[in-house]
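Engineer: Sequence first, then the predicted structure:
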Amino acid sequence: MEYKDFIDSLKNSESPKNMSIYLQALWEDGKKNWDRAHELIQDVEDENASWIHAYLHRKEGDAGNALYWYNRARKKMPNISLDEEWKFLVENFLKE
């Protein structure tokens, strides 16, 4: 799947089949379903999930919690807009 296809899929009521849990969470966030995105990713125990979890808490406005999750992901809190980070995350996980 290409980034454009992912963006186009946001017009649908259901996420595309066979997406990773990471892309599912980002898709839900792209649909303005922050709670569902958080629910999907919060119990996944790896650095990729921690990275998305960090982004979600940054978006929520909870910088302290976001910093905790960025540290667990071994990432620095970015100095870019939330939209730019979301796009970067989507593009990153589409490559996997």
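Structural biologist: Yep, it's here.
Engineer: buried set for stretch 22-33?
Structural biologist: By neighbour count with 16 or more other CB atoms under 10 Å, stretch 22-33 contains the buried residues 22-31. In this view, the C-beta of every residue, glycine as well, is placed from N, C-alpha and C.
Engineer: Ok, stretch 59-72 next?
Structural biologist: When burial is assessed from 16+ other CB under 10 Å, stretch 59-72 yields the following buried residues: 59, 66, 69-70, 72.
Engineer: which of these lies closest to I52?
Structural biologist: In terms of CB to CB, no member of the buried residues of stretch 59-72 lies closer to I52 than W69, at 8.6 Å.
Engineer: What separation is there between that closest one and D35?
Structural biologist: For W69, the distance to D35 (CB to CB, to the nearest Å) stands at 17 Å.
Engineer: ok, now K75?
Structural biologist: Distance of K75 to D35, computed by CB to CB: 23 Å.
Engineer: Distance from the chain centre to stretch 80-90, please.
Structural biologist: Between the mean C-alpha point of stretch 80-90 and the mean C-alpha point of its chain there is a distance of 9 Å (CA atoms, centre = their mean, to the nearest Å).
Engineer: and that stretch, C-alpha only, in CSV?
Structural biologist: Only the C-alpha atoms of stretch 80-90 are listed here, as CSV (Å, rounded to 0.1, in the frame of the first residue of the first chain):
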residue,chain,number,x,y,z
ILE,A,80,7.6,19.0,14.1
SER,A,81,3.8,19.4,13.9
LEU,A,82,1.5,16.6,14.8
ASP,A,83,0.4,16.3,11.2
GLU,A,84,4.0,15.9,10.0
GLU,A,85,4.7,13.3,12.7
TRP,A,86,1.5,11.3,11.8
LYS,A,87,2.6,11.3,8.1
PHE,A,88,6.1,10.3,9.0
LEU,A,89,4.8,7.4,11.2
VAL,A,90,2.4,6.2,8.5
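Engineer: Reformat the buried residues of stretch 59-72 into TSV and put secondary structure next to each item.
Structural biologist: What follows is those, written out as TSV (DSSP: H, G, I helix; E, B strand; the rest coil):
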residue	secondary structure
K59	helix
A66	helix
W69	helix
Y70	helix
R72	helix
